[in-house]
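> okay, predicted coordinates and the sequence, questions at the end:
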Amino acid sequence: MSASVTGGWDYVAGGYGATTVLLGGYVASLLRRRRVLARRLRVSGTPVPAAGEALPADGAGGDDR
Amino acid sequence: MTPSSRQRPGATSSRATRILGALTLAGLAVLAFLGLYVSPPDGLQGETVRLIYVHPASATMAYLGFGVCAVASIAFLWPRTRSYRWDRLAGASAEVGVAFCVVTIVSGSIWGRYSWGVWWTWDPRLTLTALLLAVFVGYLALRRTGGDPLGRAKRSAITALCCFVVVPVDHEATSWWVGLHQNDTLFRIGKSPLIHGWQLATMLLSFVVFTLLFAWMVLHRLAIESMESRLEDEGYVWAIAERRSESGPAPAGATASSASSGPLVAGPLPPVATSQRMVQEAPGSLLAPRPLPRERGEAGL
Amino acid sequence: MWRDALLVAGKDLRVEARSRVTTNQVAPYALIVLFVFGFAFDQDQYVLTHIGPGLFWVAVLLCTLLAVQRSFSLEAADGARDGLRLSGLDGGGIFLGKAAAIAAQLVALEAVLAFGIVVLFGAHLAHPLLLLTTCALATVGLAAAGTVYGVMSAGLRVRETLLPLLLLPVAAPIVLGATQAWLAAVGLVTGSGWRWLTLLGAFAAMYLTIGVLAFGTLLEEA
C-alpha cells in the first residue's frame, strides 16, 4: 500500500471532529434552551409540558379555526 | 409518552427519552469503535473511507427531517387533522434536519478535499444540497416571524411543501446528471451493495444510530416548542393565579375549587407541583379559558 | 378566475402607470447594477462578454425582488389588502393578476437590461427564438414564485429582509436554467439550450399551481 492509500487519518479526524462539534453544539443548545424555558415557566408558575403533550390551544383534529 | 412517566416536575425529559438518549450515546460509542478501529481501510480511499459512517447517515437524517416536516405540514393543512402539534413537529424536525444538513455539507467538504482535492465543487449534488440548506434556513426564518399563530403556521406549512420539492431532486441528482459525487452505495435497485463485511455492518449501524439521535433531538426540540407556546399562551394565566395566591392565605378547600373552576376564577392556586397534577387530572376545566390571542397581524393590517 | 385576474392585473398596472415607480426607480437601478458589475469585473470586455448572460439574470432576479416588494407594499397602504380580501375576487384570480402585472414589468425591465448588456458588455444576442422563449418561461416562473413568497412575507414586520432570504434560494434554479439556455444560445457553451427550458417550464408550472391553490389562504392570513 502506498502512503496515499494508508494516509488520510487527518481527514478522518477532521470529519469526525467536525460532526461531533456540530451535533454536540446543537444538543448543547437544545439543553440550554430547555433549561432557560423551564426556569421561565417555573417563575410564572406554569407547569412544564412533557415531550409530545397536547396543549389546550392546539385544537383537536377537525378543528378548522 | 405519558406524563406519568416523568420523574422530576420541572423536567421535560421522560423515562422514554432518557432511555433513548442512553441508547443513542451507547450506539455512538459502538459506532465510533467500529468505524475508527474495527472496520478495515479501503483499497482506493484509504482511511478516509471511514467518513462513510458519518456522511451518508447525516444526509439521510437531513432528508428525514425535511420529510417529517413536509408530512407534518400536510397534516396541519388538512382540515381534519389540523392541530398545532403538527406545526410544532414540522418546525422541530426541520430544525434538526438543518443541523444534519450542515453536518452533511461540512463532513462532505472535508471528504471532498481528500478525494477531489477541493473543498467545494459545483457538482449537482453539492449545489442542490446547499440549495436545500438555504431554502430550509429561509423556512426557519419564516417560522420565527411571529404574528397570528394560525397564519404563521399556515404560511410555514405551505412554504415547507415548496421547500421539500428540492429533496427528491437532490437525491436523484447523482443519477440524473453526471457529476463528481458518487452514486448510492447501499440501496441500489436490483443490485447488491458495493461494500461488505464490517464496512457494511458499520454503515448500517450508522443509519440506525443516527436515526436514534434524530428521534432524541426531535423529541427535545418538540418539548422546547411546547414550552415556548405554553409560555406565550398560558403563562399569564398561571402568573396571575400565582400572584393572587400570594396576596392572601389560601382558604380551606382551595385546591378542589380551583381544580373545578380554573385559575382565573378561583383566586388562590396551589404550588406548582400540585397544579401539575391537576393538569393531568382535569385539563379541560383548568385550561378552559382560551388563551389571549397573540398579537394579531402587524402594522398596516 | 380569469376575469378577476385581468381586473387585478389592470389595477396594478394602472397604479404603476400613474406612480412610475418601476420606470423611474427600478429600471435605473437595473442599469446601475450592470454598471456595478462592470466595475467589479475590471472592465475586461472578454470576461464581461462571457459572464454577461449570468449577470443579466442576476440583475433580473434583483429587480424581481424590488417589483414583488413594490407590488405588495401597494396593498399594505390604506388597508388595501383588506379591500382585496373583502372584494370577493377568487384567490387564484388575484394571484394570476398580481403575477401577470409583475411579469409585465419584468419583461420591460428585461428589455432594458438586454439593451444594457449588448451596449455595455458587448454581448451578441443570437437565436432570438431561444432567447425569447427562455425569457418568457423564466419571467413567468420568477413572477409566480415572487408572488407566492411576496404574499407570504407581506404584512410581516420583517418583510424587507425575509423576502430575499426566501425567494433567492428558490429562484436559484431559474437563474441557473435561464443562464445556461442563454449561454447556449449565444454559443458560449456547447450543447442545446432547449433542454434547460424543461426545467424552467416545470418550475413555472409548479409555482403557478401552488399560487393558484394556496394564494387565497395566504392572503387571508397575511
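Thanks, I have the structure now.

> how near is residue C:77 to chain A?
29 Å (CB to the nearest CB, to the nearest Å). (Each C-beta comes from the backbone N, C-alpha and C, glycine too.)

> tell me how many other residues surround that residue.
When neighbours are counted by other CB atoms under 10 Å in any protein chain shown, residue C:77 registers 9.

> what of residue C:46?
8.

> and if you look at residue C:120?
With other CB under 10 Å as criterion, residue C:120 counts 17.

> now do the helix or strand containing it, average pLDDT.
Residue C:120 is located in helix C:91-121, with elements delineated by DSSP states H and E. Across helix C:91-121, pLDDT averages out at 91.

> so is it next to chain B?
No - using CB under 8 Å from any CB of the partner chain, helix C:91-121 stays clear of chain B, coming no nearer than 12.5 Å.

> next, the angle helix C:91-121 makes with the helix or strand following that helix.
Per DSSP H and E, helix C:91-121 leads on to helix C:128-153 as the next helix or strand towards the C-terminus. For helix C:128-153 against helix C:91-121, the angle by axes from the mean of the first three to the mean of the last three CA atoms, to 10 degrees is 130 degrees.

> list the buried residues for the longest helix along chain A?
Scanning chain A for the helix with the most residues, using DSSP state H, yields helix A:9-44. The neighbour-count check on helix A:9-44 (16 or more other CB atoms under 10 Å in any protein chain shown) flags A:11-12, A:14-16, A:18-19, A:22-23, A:26-27, A:30, A:33-34, A:37-38, A:41, A:44 as buried.

> helices and strands around the strand or helix carrying residue C:170, which ones?
Taking DSSP H and E as the criterion, residue C:170 maps to helix C:159-185. Counting contacts by 3 or more CB pairs under 8 Å, 6 or more residues apart in numbering or on different chains; DSSP states H and E, helix C:159-185 is packed against helix B:124-143, helix B:149-164, helix C:45-76, helix C:128-153, helix C:194-221.

> one more time with 6 Å, if that's ok
Under the contact definition 3 or more CB pairs under 6 Å, 6 or more residues apart in numbering or on different chains; DSSP states H and E, helix C:159-185 sits against helix B:124-143, helix C:45-76, helix C:128-153, helix C:194-221.

> contact partners for whatever residue of the stretch 1-150 of chain B ends up closest to chain C?
Nearest residue of the stretch 1-150 of chain B to chain C: residue B:134, at 3.6 Å (CB to the nearest CB). By CB atoms under 6 Å, 6 or more residues apart in numbering or on different chains, residue B:134 lies in contact with residue C:169.

> for chain B, longest helix please?
Per DSSP H, chain B has its longest helix at helix B:197-247.

> check whether it comes near chain A.
Yes - judged by CB under 6 Å from any CB of the partner chain, helix B:197-247 and chain A are in contact via B:219-220, B:222-224, B:226-227, B:230-231, B:233-235, B:238-239, B:242.

> on that earlier part again, now the angle from the longest helix of chain A to helix B:197-247?
Using the same axes, to 10 degrees: helix A:9-44 against helix B:197-247 is 20 degrees.

> wait, residue B:210 touches residue B:63, no?
No - the criterion here is CB atoms under 6 Å, and residue B:210 misses it with residue B:63 at 11.5 Å.

> these two: which is more packed in?
residue B:210 (26 against 20).

> ok, now which ones touch that one?
B:57, B:61.

> in space, what's closest to the one residue in chain C that gets nearest to chain B - neighbours in sequence excluded?
Of all residues in chain C, residue C:221 sits closest to chain B, at 3.1 Å by CB to the nearest CB. Distance criterion CB to CB, 6 or more residues apart in numbering or on different chains; nearest residue to residue C:221, sequence neighbours excluded, is residue B:151 at 3.1 Å.

> quick check, pLDDT for residue 13.
Unless you meant another one, I'm taking chain A. Residue A:13 carries a pLDDT value of 90.

> chain C is the one I meant
pLDDT, read off for residue C:13, is 89.

> okay, the angle between the helix or strand hosting it and helix C:194-221?
Counting by DSSP H and E, the element that carries residue C:13 is helix C:2-19. Computed with the same axes, to 10 degrees, the direction of helix C:2-19 lies at 90 degrees from that of helix C:194-221.

> give me the buried positions along helix C:2-19.
Neighbour count says helix C:2-19 has C:4, C:5, C:8, C:9, C:11, C:12, C:13, C:16 buried, by 16+ other CB under 10 Å.

> residues contacting the helix or strand following that helix, please?
Next in sequence after helix C:2-19, counting helices and strands by DSSP H and E, comes helix C:21. Contacting residues not belonging to helix C:21 are listed as residue C:70 [CB under 6 Å, 6+ apart].

> and the angle for the following helix or strand past helix C:21 with helix C:91-121?
Helices and strands here follow DSSP H and E; after helix C:21, the next one along the chain is helix C:27-40. Angle between the axes of helix C:27-40 and helix C:91-121 is 40 degrees (criterion: the same axes, to 10 degrees).

> so how far is chain A from residue C:176?
28 Å.

> residues near that residue, how many?
Neighbour tally, residue C:176, other CB under 10 Å: 17.

> circling back to that earlier point, relative to chain A, how far out is the residue nearest to residue C:221?
11 Å.

> residue C:25 now?
41 Å.

> nearest spatial neighbour of that residue, chain-adjacent residues omitted?
Using CB to CB, 6+ apart, the nearest residue to residue C:25 is residue C:66, at 7.9 Å.

> my guess is the one you found contacts residue C:27. True?
No - using CB under 6 Å as the test, residue C:66 is too far from residue C:27 to be in contact (10.2 Å).

> any stretches of the chain with poor pLDDT?
You didn't pick a chain, so chain A it is. Within chain A, the segments meeting pLDDT under 70 span A:1-7, A:50-65.

> wait, I meant chain C there
C:43-44, C:190-191, C:222.

> same thing but at 80, please
Along chain C, segments meeting pLDDT under 80 span C:42-47, C:77-79, C:81, C:88, C:122-126, C:155-159, C:186-195, C:221-222.

> return the residues of it in contact with chain A.
Close to chain A, as judged by CB under 6 Å from any CB, chain C has no residues.

> enumerate the residues of chain C near chain B.
Close to chain B, as judged by CB under 6 Å from any CB, chain C has residues C:76, C:152, C:155-158, C:165-166, C:169, C:172, C:214, C:217, C:221.
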